[in-house]
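Participant: Here you go, sequence then predicted model.
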Amino acid sequence: MKKPALNFGPLIFLMVMYTTVMTASGCSSSSENQTSQTNQAEVVWGACPDYINTSSDAECAFVTVPKDYEKPYGGTIDVFIWRIKGSLPDDRKKGQVWFLQGGPGDSSVAFGNLLPPLAAAHPEWDYYSMDHRGTGNSNCLECPQAAPDGGVTPENAAACRSEVLSLIGGDLDDFNVTNAAKDLMTAIALTRGQGKVFVYGVSYGTYLVQRFMTLYPDSVDGTIIDSIVPSDSKPLDVYDSEFNNEGMQIMEQCSNDATCSSKLSGIAPDPWDAMAAVFTKIDGGQLCGDFAGISRKALRGKLAYLANGVYTRALVPAVIYRLNRCSDSDKAAIGHLFPDLVESDAAGEEFRPADKLYSSVLFTNITNSELYNGISPWAAQTIADAAYLSEDLVPVIAGIGYDRTTWPAYIDHYIGVRPDYSRPVLMMNSTVDGHTPLTLALGARQYLNRPYQYFITIPWAAHGVVFLSPEKGRITPAAENIGVGILFDFLSDPYTEPDTSGIADSYALEFSGTSVENIGASNYFFGMPDMWE
């Protein structure tokens with residue numbers, strides 16, 4: 001039977017949707033409402049921006065909240081929320097589920113593609129999301145003069161902070177995790193009906209959800225944390241090194257795969273040593289002339305990007321193989337891999353365009369205050385330079401926050417506090433994840449270990465397990481991922497352990513070159529169907 005054609009574009013979108021990489025796009029500043037606190041009685045729903053309105057049923061609104069909940073009469077800001085309601089009548093609904101994105105700095109844009117299929121498959125629920133204060137359409141923070149490309153760097157950080165403070169006419173301390181958790185509680189209180197309420201967070205969103213659990217332990221019926229950042233962790237000091245560890249796991253899988261190990265054996269007997277040999281060639285200027293412009297930094301960043309994807313991981317050893325061999329086919333494949341991808345710029349009439357929703361300012365403010373523990377810039381750069389897979393993010397963070405003067409950290413006594421939470425919790429993580437490695441995620445199990453609090457791993461799922469845990473042998477639609485099945489089993493009855501039997505059918509990384517997954521990944525990134533030849 002002929003294998004089905006693979007539309008890989010949506011899968012690449014899912015691959016990067018949860019990353020914490022500082023993007024080149026910024027966001028446009030919005031004015032703040034400098035009035036006294038308002039008592040909003042109800043949410044007025046209306047039209048949505050194009051990037052969310054993938055369903056005719058999508059509705060969007062703004063909720064007015066205090067800039068600082070400790071100073072309720074010190075002015076307000078508007079927080080953007082939206083929903084897609086299931087098609088069942090309200091009296092037959094089970095309730096609502098809130099979906100919170102990560103970053104920090106990411107908006108809710110990714111859920112614009114993910115929630116409509118969930119609503120179609122499970123119409124008994126209503127689906128809500130929101131833009132974290134300081135991102136997207138929720139008073140997005142930027143410094144357009146100091147950082148016109150949107151990215152805060154050690155070189156522009158001081159000027160950027162000064163500019164954004166001038167633009168918002170206030171204090172960046174208000175844009176913190178605790179206030180964002182209180183925004184969520186405000187939105188839930190204004191929208192909840194008679195059914196149950198659950199809250200889902202992914203990546204940094206899990207950290208935010210745990211702050212919500214700490215502040216409001218009895219407010220909702222349960223929570224889901226996917227790709228976990230423990231509430232008492234400061235993981236960014238070792239963030240780049242974890243991608244190298246993920247690379248080791250991929251190359252270990254290669255060593256156990258007949259096709260992959262045979263391909264790389266011509267470079268070195270062990271695949272990881274083959275990786276080292278190619279980087280040694282880069283250092284010595286010994287790659288073939290067509291590849292001479294590829295630096296160690298460019299390669300490790302590209303390999304880290306590929307390692308993020310549940311299917312694109314298979315290309316990591318293939319890149320090493322092709323860089324070493326340098327045939328005409330290899331030159332074409334590698335040339336196709338390295339040009340920058342260009343995203344579209346479709347804008348809604350009253351909202352920021354989808355590629356202007358990320359806030360590097362918010363990322364810097366929160367990571368520097370809560371998630372970074374003070375590694376020096378030179379130590380961070382040493383770690384990145386020694387890696388074969390790295391996003392090179394920690395040197396940027398350390399370069400901005402090391403001396404705490406360029407970008408002062410805000411003070412919040414909830415930082416590092418573990419939630420004292422007895423309601424049901426579903427915890428999910430992949431066994432292979434550079435963003436939230438299993439060794440990190442397991443830290444949450446130490447304190448979320450009460451009855452009806454479940455910790456589930458799915459081997460070889462990608463970051464964002466619920467939506468990136470496909471079945472083997474087919475390209476799995478987002479709403480049919482194994483993690484989605486576990487999620488809805490939990491939502492249906494959080495007091496019974498979820499059915500995890502589907503994990504036995506989950507996709508496991510393989511390197512045959514002939515599978516529909518390998519062909520799709522190779523076509524997208526190499527411009528040819530065979531990832532090896």
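Facilitator: On my side now, so go ahead. Numbering: from 1, shown residues only.

Participant: contacts, neighbours, all on C-alpha from now
Facilitator: Will do.

Participant: Following the chain onward from the lowest-mean-pLDDT helix or strand in the chain, which element is next?
Facilitator: Least confident helix or strand of the chain, by mean pLDDT, DSSP states H and E, is helix 9-16 with a mean of 41. Remark: after helix 9-16, the chain's next helix or strand is strand 58-66, criterion DSSP states H and E.

Participant: phi, psi of Pro116?
Facilitator: Torsion angles at Pro116 (phi, psi; degrees, to the nearest 10) stand at phi -60, psi -40.

Participant: what about it, distance to Gly247?
Facilitator: Per CA to CA, to the nearest Å, Pro116 is found 34 Å from Gly247.

Participant: And Pro72, by the same measure?
Facilitator: Counting by CA to CA, the gap between Pro72 and Gly247 amounts to 48 Å.

Participant: just Ile228 next, same as before
Facilitator: Using CA to CA, one obtains 20 Å as the distance from Ile228 to Gly247.

Participant: Name the residue in Pro116 and Gly247 with the higher neighbour count.
Facilitator: A side-by-side neighbour count of Pro116 and Gly247, using other CA atoms under 10 Å, places Gly247 first with 28 against 25.

Participant: Which of the helices or strands spans that one?
Facilitator: Counting by DSSP H and E, the secondary-structure element that holds Gly247 is helix 239-255.

Participant: Flag every buried residue along that helix.
Facilitator: Neighbour-count burial for helix 239-255, with 16 or more other CA atoms under 10 Å as criterion, is recorded at 239-251, 253-255.

Participant: same deal with stretch 200-216?
Facilitator: The neighbour-count check on stretch 200-216 (16+ other CA under 10 Å) flags 200-216 as buried.

Participant: can you give me the strands for this protein?
Facilitator: In the chain, the strands defined using DSSP state E lie at 58-66, 76-85, 95-100, 125-130, 196-203, 222-228, 425-430, 453-458.

Participant: helices or strands next to the fifth one in the packing?
Facilitator: The helices and strands touching strand 196-203, judged by 3 or more CA pairs under 8 Å, 6 or more residues apart in numbering; DSSP states H and E, are strand 95-100, helix 204-215, strand 222-228.

Participant: so which of the ones you listed comes closest to Leu362?
Facilitator: Put simply, out of the helices and strands packed on strand 196-203 the one that sits nearest Leu362 is helix 204-215, at 12.3 Å, with distance taken as CA to CA.

Participant: can you list contacts of the closest one?
Facilitator: With CA atoms under 8 Å, 6 or more residues apart in numbering as the test, helix 204-215 has contacts from 100-104, 177-178, 180-182, 184-185, 199-201, 223-231, 414, 417-421.

Participant: Relative to the whole chain's centre, how far out is that helix?
Facilitator: A distance of 15 Å separates the centroid of the chain from that of helix 204-215, by CA atoms, centre = their mean, to the nearest Å.

Participant: and it, what's its mean pLDDT?
Facilitator: Mean per-residue pLDDT for helix 204-215: 98.

Participant: Measure how it sits relative to strand 95-100, angle-wise.
Facilitator: Orientation check (axes from the mean of the first three to the mean of the last three CA atoms, to 10 degrees): helix 204-215 against strand 95-100 gives 120 degrees.

Participant: Val197 and Gln96 touch, don't they?
Facilitator: Yes - assessed by CA atoms under 8 Å, Val197 is found in contact with Gln96 at 5.0 Å.

Participant: which of those two has more neighbours?
Facilitator: Under the criterion of other CA under 10 Å, the comparison of Val197 against Gln96 puts Gln96 first, with 26 against 21.

Participant: Appreciated, that's everything.
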